[in-house]
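*Asks:* Take this sequence and fold it.
(one chain, ligands or ions: 1)
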Amino acid sequence: MEVLGLFSVPTWLVVILVVIALLLMYTVHKQRYFKRLEIPGPTPIPFLGHLHHIIKKGFQDMDMEMTQKYGNCFGAFIGNIPQLIVTDPEMIKQMLVKQFSEFTDRPRTIRFTKFFDSAITVAQGEHWKFLRSTLSPTFSSNKMRNMTPLISKCLDSLIQNAKTLSEGGKTVEMRKLFGAFTMDAICSTGFGLQVDSQSNPDDPFVKNATKALENISVGNVKLLLAAIFPDLKTFIREISILDQEAIDFFIQATKSALADRREAQSGSYRDFLQLMINAHKEEGTDAENSEEKDLGFDAYKKRGMTDAEVLANAITFVLAAYDTTSNLLTFASYCLATNHDVQDRLRTKINEEIGESKPTYENVFNLTYLDMTVNETLRMYSPVQRLSRMAVLDTTLCGVKIPKGLDVSISIPSLHYDTKYWENPQKFDPDRFSPENKDRIHPFTFLPFGEGPRNCIGMRLALMEAKMAIAALLQNFRILTSPETEIPPKIDKRRGVTEPLNGMYLRLEAL
Ligand code: HEM
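*Replies:* Down below sits the predicted model:
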């Protein structure tokens, strides 16, 4: 091609230059989103947005640094996808509770594999309402109370396992210890499966749960494409950020548990799986094979749970429970090992209230100091770092214009470490949560389980499990640091879950 009759340029080069120019115009237009709304925020890099910050610093540090710099409501980008990051308690209250009907859904800016469309964490609108109302009864306090013997059995293995691993003063990697305990507990309370992953370090349940979750990575090409070209989301589907082989393992395990139940028809099970089986109606359509149109709540209720929904939610529960609860326990043991005064006081309270009896739902929930210690661990090491909602219509949030479809995310660590709400936030101080001080905590600044109608459905189970495990551990051991303990622990930046990067090595001295 001749340029002004002066020199010639190959046509392919012109095409490439035009394409680059168009792509640049596309990304600049996308990334002017917050400028148009007059919302402050750091300048994004074309195409990448702030992905480079996320990769370098992780969500926690990036959010905390940017909140310091741009305030409690700023705009950031994952590729070309805008995200409003919010840490203003009043805005949070409006979004999670008061204006919930305008922020019912989590953002689905990136569409993952169809399999998870039926998961309660991902489902939207009336579909989510149906799943939540069907699954909620599993977590009532009565159901939890009935699960005590199941967890008690897992605790026996936990203590036995801890004794074996700590023999001769050896250090114990606590993440592994609690990971196996958590897996046993979710398998038995959720599915009636007696999985002894604690005495088998190569247990397939633990291996596959770890494998399923550790693969979440921004290096995934489809994920990057979807972030850079959000308008192509209809075409860029089936993004598998979870390891498919690991997911297949859980699908098979759940299918075989389902088949056993249906064959036995004993009805004696009271776990999560049974509740879903009861909500399953044989005549219901199976969304696994058909692209179902959105139904109303009553129509969903009438059609009952499909096989696809049972499977997706069973697996979601395992994944949602595993990392979160085991990390809470891991950091609780670290906080106790590095704060002997708290550990001694807690052990004294446990001795006074429980003595040598086994921990139960009743006795651990009556221990105020245990509750304070767990809360303070959750404040400093919230397992989940962000809560996300999507505006389902054009609206405003405390005067800020929020267009339909915008991802509004709350940064939990930014709130939990804000000196406006917490004095000396770097200090581990369970007394912040004492009955006298609790009322002074600013509402909506402590959100480890989220808030409002879409908060964590498994909160009661998680707290029961964690409290019973801490009580049993302190009845049997003194938790100590060792030369291998990393103080303070480095956090794994690759994930949105708070996890120690280099494991958590502690000593357990038998009492
Ligand atoms: C220490 C342990 C846990 C922590 C810190 C935790 C935290 C959270 C958080 C922050 C959310 C989002 C809430 C929101 O958006 O407002 C959530 C949602 C959820 N959690 Fe948990 N979780 C834990 C344990 C569990 C367990 C044991 C289960 C299940 C057995 C579970 C199942 C779920 C589910 C299904 C959702 C989605 C609820 C919905 O969309 O309706 N979690 N969790």
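*Asks:* Using CSV, list the CA coordinates for the strand or helix carrying residue 409.
*Replies:* Here residue 409 sits within strand 407-411, counting by DSSP states H and E. Output in CSV follows, covering the C-alpha atoms of strand 407-411 (Å, rounded to 0.1, in the frame of the first residue of the first chain):
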residue,chain,number,x,y,z
ASP,A,407,-19.5,-5.4,40.3
VAL,A,408,-19.4,-3.8,43.8
SER,A,409,-16.9,-5.6,46.1
ILE,A,410,-16.2,-5.1,49.8
SER,A,411,-12.6,-5.4,50.9
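*Asks:* Kindly export stretch 160-179 (C-alpha atoms) in CSV.
*Replies:* C-alpha atoms of stretch 160-179 as CSV (Å, rounded to 0.1, in the frame of the first residue of the first chain):
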residue,chain,number,x,y,z
GLN,A,160,-4.8,-38.9,67.9
ASN,A,161,-3.3,-37.5,64.7
ALA,A,162,-1.8,-34.5,66.5
LYS,A,163,-0.3,-36.9,69.1
THR,A,164,1.3,-39.0,66.5
LEU,A,165,2.7,-36.1,64.5
SER,A,166,4.1,-34.3,67.5
GLU,A,167,5.8,-37.3,69.0
GLY,A,168,9.4,-36.6,70.2
GLY,A,169,8.8,-32.8,70.0
LYS,A,170,8.5,-32.8,66.2
THR,A,171,6.9,-29.6,64.7
VAL,A,172,3.5,-30.1,63.1
GLU,A,173,2.3,-28.4,59.9
MET,A,174,-1.0,-27.2,61.2
ARG,A,175,-2.6,-26.4,57.8
LYS,A,176,-2.3,-30.1,56.9
LEU,A,177,-3.6,-31.3,60.3
PHE,A,178,-6.7,-29.0,60.1
GLY,A,179,-7.2,-29.6,56.4
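*Asks:* Give the other helices and strands that the following helix or strand past the strand holding residue 409 contacts.
*Replies:* Downstream of strand 407-411, the first helix or strand assigned by DSSP H and E is helix 412-416. Packing partners of helix 412-416 (3 or more C-beta pairs under 8 Å, 6 or more residues apart in numbering; DSSP states H and E): helix 51-70. Heads up, the C-betas are built off the backbone N, CA and C, glycines and all.
*Asks:* Who are the contact partners of the residue most central in space within the chain?
*Replies:* In the chain, the centroid-proximal residue (C-alpha atoms, centre = their mean) is residue 384; its distance is 4.8 Å. Listed by C-beta atoms under 8 Å, 6 or more residues apart in numbering, the contact partners of residue 384 are 324, 412, 448, 450, 496-498.
*Asks:* one more time with 10 Å
*Replies:* Each residue near residue 384 by C-beta atoms under 10 Å, 6 or more residues apart in numbering is listed here: 320, 323-324, 327, 378, 412-413, 447-450, 456, 496-498.
*Asks:* wait, which of those residues is closest to the ligand?
*Replies:* Among the contacts of residue 384, residue 450 lies closest to the ligand (C-beta to the nearest ligand atom), at 2.0 Å.
*Asks:* tell me the secondary structure for the closest residue to that closest one other than its chain neighbours?
*Replies:* Excluding the flanking residues, the one nearest residue 450 by C-beta to C-beta, 6 or more residues apart in numbering is residue 387, at 5.0 Å. Three-state call for residue 387 (DSSP: H, G, I helix; E, B strand; the rest coil): strand.
*Asks:* who does residue 387 bridge with?
*Replies:* Note on residue 387: beta-bridge partners residue 410, judged by DSSP bridges.
*Asks:* Around the ligand, which positions in the stretch 301-450 of the chain sit nearby?
*Replies:* The stretch 301-450 of the chain comes close to the ligand at residues 316-317, 320-321, 324-325, 328, 383-384, 387, 448-450, as judged by C-beta under 6 Å from any ligand atom.
*Asks:* and if you look at the chain?
*Replies:* 120-121, 132, 316-317, 320-321, 324-325, 328, 383-384, 387, 448-451, 454-458, 461-462.
*Asks:* among the residues of the stretch 301-450 of the chain next to the ligand, which are in strands?
*Replies:* Using DSSP state E, the subset of those located in strands is residue 387.
*Asks:* List the contacts of residue 278.
*Replies:* 134, 267, 269, 304-305.
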